[in-house]
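Undergrad: How does the following fold in three dimensions:
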Amino acid sequence: MPRLLIVICLVLLAGHRLARADTPVESPALAAATRLLDQAKAESAAGCTDRSDVLVRVLCTKQLRVGLRTYYPGFSVRDEQGAFSGFEPDIGRRIAAFLGVSFVPVVVNPKDRIPILVGNQADLVIATMGDTTQRSAAVRFIRPHYYASQTAIVGHASSPVSDWADIAGRTVCLPLGSNSNIEFVRHHVRIMTFDSPEQLMDALRFDECAFIVQDDTFFARSLAEPAWAAHYAIKFRFAPLPWGMAVTRENTTQFAALLDDLSVVYHADGTLLDLAKAHRLDLAFLLGEQAKWHDPTCLDVNGTPQERCLLPSVSDSEATDLSIVAPYVSSLEQAATSWFGITIDLSLFRNRTTFGLVLEGILFTLSLVLGTQLSTAFFALGFSRLMTGGGDKVRRAVGLFTAVGQVTPLPLLLFFVYVIAGGLLHYSARVAWVAAVFAIGLYNGSNAARAIDEAHRTLLHRETTPGSGTVEGNTRSFFRAVSLASVQLVAFLINAAKGSPAAGMIGVPDFLNVVTDLTASSADRMTVYLILLVFYVGMVSLLIVLLTMLRRLLARQMLGNG
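TA: Predicted structure coming up:
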């Protein structure tokens, strides 16, 4: 009998322990999220207004609009029927289920995900967006973050590239709007931008790009395929970046706090980890976060995550590294909005690094234009002097050389000179500048020399020049021919200035090139390109005025001497 009682007691005790193990214990973070949801439900029952918290409006509409990307394997992919699958849509569905509302996907991309959110076209964005200080000024990131990545440079497996020095001066293809794009400009790497990741993969596959750039998470599935991994590899990584869900900064106090609490819950109970496993994602970051949020010391008594346990926004220097013109830039942006009702983006001039690159581009452009003016004048006067004053053999040889300069397209001539210069010297921006000055000067100088030679022929047929057999007579007739062809000479000098932006194709960091690179990380490029247009129009117009004045001065002097 005593033994039977002991057995019964043990069974009851084991059952009690089993019951306790099967009974979920509500975490402080889940309790906090539930309280916020109940409060919002009570407010939504009383009615919604434009000023209501986004959480209340979501409950009123019974829809959670989530911004998602359409192609990012493992994270978010939209099929031909419009259905979304991946880690991020699954997170959105879990949140919608917790709120008791329907899940409504909204298509976004790296360029428009923040404008769509701020424009109230989505309630929440989960779109592989890194948490940076610049973006944090525009939207409110949910923390703890749901994932993290590094930027990876991928190329042919046989390529000996391993760091920044190996790709300096080369062209790399990357996605438009990526926060890391500025790093390539800072390291003097030429860039080509694409709108979507799948375009990058196609460009690599068809050898349009030797290197492509994207978060390392994007390449995980491709690298798992033996055929793909046999040809391509990650050359190096940089810029670790936490990814965050984001909401607007206005009217989201309750919504953001609830999502913060849910993020803690989903890390701690393994929800995010299980979703990532289902899509074969790298789990290192999520395993670390799960261990962190199991630690009760990372939460206060109300279930709110402690700041010391949260990852900070990654500094992109926009907020702290301000240029000397930053205050004026902000005032100009505000004036454009208040006076004309338009929004302009002059952020390139606000940051010290980007502003320095813009100044460098302007100086390169001005020096390039000056160099092309001198080289065009040199080739024009030099070739025409040899053609008008040299012997028959010299004349034929120079005529043949200038004919090549005339008929060869400028881009092809630039590339040809660039290849020669690159073969003789180690590539640098200065070498590219010299090659561009030579090629543009040769192209326009050859045409101007032909015009001067034709003017000289006209003079010989029109009159007999006194002392034609002497050096003095030949010199006088040459300068008269230059004066007669001055309109054509000025035209080709102006053409040389207008052709200077073509130097960007061989890596000269002129204003156009720098702006093209810098705006690769910007969603709005119209304002900066308008400034670029005004700059080139103003520069060429000033040159036209100066050259016209110089031509008239030379013409008067020639008439006086004649």
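Undergrad: where in the stretch 351-500 of the chain is pLDDT low?
TA: The stretch 351-500 of the chain contains residues with pLDDT under 70 at 422, 425-427, 462-474.
Undergrad: what about 50?
TA: 465, 467-472 (pLDDT under 50).
Undergrad: and if you look at the chain?
TA: Those would be 1, 4-25, 318-319, 465, 467-472, if you go by pLDDT under 50 across the chain.
Undergrad: outside of stretch 298-311, which residues touch it?
TA: 27-33, 131, 143-145, 148, 242, 257, 260-261, 264, 292-293, 295, 297 (C-beta atoms under 8 Å, 6 or more residues apart in numbering). To be clear about C-beta, it is placed using only N, CA and C from the backbone, and glycine gets the same treatment.
Undergrad: Is there a quick ChimeraX command that grabs whichever of these are buried?
TA: Buried subset of the contacts of stretch 298-311, written as a ChimeraX selection, criterion 16 or more other C-beta atoms under 10 Å:
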select :27,28,29,30,32,33,131,143,144,145,148,242,257,260,261,264,292,293
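Undergrad: can you tell me which of the contacts of stretch 298-311 are in strands?
TA: Mapping these onto strands (DSSP state E) picks out A148, P242.
Undergrad: Now, the contacts of stretch 298-311 that are in helices?
TA: Among these, the subset assigned to helices under DSSP state H consists of P28, A29, L30, A31, A32, A33, A257, D260, D261, V264, K292, W293.
Undergrad: need those in JSON lines with distance to L543, can you?
TA: What follows is the ones in helices among the contacts of stretch 298-311, written out as JSON lines (distance: C-beta to C-beta, whole Å):
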{"residue": "P28", "distance to L543": "70"}
{"residue": "A29", "distance to L543": "66"}
{"residue": "L30", "distance to L543": "69"}
{"residue": "A31", "distance to L543": "72"}
{"residue": "A32", "distance to L543": "67"}
{"residue": "A33", "distance to L543": "65"}
{"residue": "A257", "distance to L543": "60"}
{"residue": "D260", "distance to L543": "58"}
{"residue": "D261", "distance to L543": "63"}
{"residue": "V264", "distance to L543": "63"}
{"residue": "K292", "distance to L543": "62"}
{"residue": "W293", "distance to L543": "64"}
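Undergrad: Show me what the longest helix seen in the chain is packed up against.
TA: Longest helix in the chain by number of residues, with DSSP H as the criterion: helix 352-389. Other elements packing on helix 352-389 under the criterion 3 or more C-beta pairs under 8 Å, 6 or more residues apart in numbering; DSSP states H and E are helix 181-186, helix 347-350, helix 392-407, helix 429-462, helix 471-484, helix 486-498, helix 511-518, helix 526-561.
Undergrad: quick one: which of those is nearest F285?
TA: F285 lies closest, by C-beta to C-beta, to one member of the helices and strands packed on helix 352-389: helix 181-186, at 21.3 Å.
Undergrad: relative orientation of the helix or strand following that closest one and helix 511-518 in degrees?
TA: Next helix or strand after helix 181-186 toward the C-terminus (DSSP states H and E): strand 190-194. The directions of strand 190-194 and helix 511-518 differ by 60 degrees, with axes from the mean of the first three to the mean of the last three C-alpha atoms, to 10 degrees as the criterion.
Undergrad: Make residue 1 into 324 and carry on from there
TA: Got it, first residue is 324 now, which makes that one strand 513-517.
Undergrad: contacts for strand 513-517?
TA: 492-499, 504, 507-508, 523, 526, 532, 830, 840, 843.
Undergrad: Report the buried members of these.
TA: 492-493, 495-499, 504, 507-508, 523, 526, 532, 830, 840, 843.
Undergrad: who's in contact with H511?
TA: Taking C-beta under 8 Å, 6+ apart as the criterion, H511 is in contact with A491, G492, A752, P832.
Undergrad: Could you measure from the second one over to S751?
TA: Computed as C-beta to C-beta, to the nearest Å, the G492 to S751 distance reads 7 Å.
Undergrad: list the helices and strands the one helix or strand L497 maps to packs on?
TA: Using DSSP H and E, L497 sits in strand 494-498. In terms of contacts (3+ C-beta pairs under 8 Å, 6+ apart), strand 494-498 is packed against helix 504-509, strand 513-517, helix 520-528, strand 534-538.
Undergrad: Which one, of these, ends up nearest to V648?
TA: For V648, the closest of the helices and strands packed on strand 494-498 is helix 504-509, at 18.2 Å, according to C-beta to C-beta.
Undergrad: Could you check how far the closest one is from the centre of its chain?
TA: Its chain's C-alpha centre and that of helix 504-509 lie 8 Å apart, by C-alpha atoms, centre = their mean, to the nearest Å.
Undergrad: again, but for stretch 672-681
TA: 15 Å.
Undergrad: what do you get for stretch 864-877?
TA: 39 Å.
Undergrad: what comes up buried for that stretch?
TA: Residues of stretch 864-877 classed as buried: L866, L870, R874 (neighbour count, 16+ other C-beta under 10 Å).
Undergrad: Could you do stretch 656-673 as well?
TA: Buried, per 16+ other C-beta under 10 Å, within stretch 656-673: E656, I667, D668, L669, S670, L671, F672, R673.
Undergrad: I'd like these as TSV, with distance to M862 appended.
TA: Below are these laid out as TSV (distance: C-beta to C-beta, whole Å):
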residue	distance to M862
E656	24
I667	21
D668	23
L669	20
S670	24
L671	19
F672	18
R673	24
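Undergrad: from memory A758 sits against F738, does it?
TA: No: if you go by C-beta atoms under 8 Å, A758 and F738 don't touch, sitting 9.5 Å apart.
Undergrad: Now do the shared contacts for the two.
TA: Counting by C-beta under 8 Å, 6+ apart, the common neighbours of A758 and F738 are I829.
Undergrad: Who has more neighbours out of the two?
TA: More crowded of A758 and F738, by other C-beta atoms under 10 Å: A758, with 25 against 15.
Undergrad: Can you give me the separation between that one and S769?
TA: Using C-beta to C-beta, A758 is found at 17 Å from S769.
Undergrad: Next: L737.
TA: Using C-beta to C-beta, we find L737 at a distance of 14 Å from S769.
Undergrad: do the same with Q537
TA: Taking C-beta to C-beta, one finds Q537 at 45 Å from S769.
Undergrad: neighbour-wise, which of those two wins?
TA: Neighbours were counted for Q537 and for S769 using other C-beta under 10 Å; S769 has more, 26 against 23.
Undergrad: For the nearest residue to H617 once chain neighbours are set aside, the count of nearby residues, please.
TA: In this structure, H617 finds its nearest non-sequential neighbour in A591, 5.6 Å apart by C-beta to C-beta, 6 or more residues apart in numbering. Residues near A591, counting by other C-beta under 10 Å, number 24.
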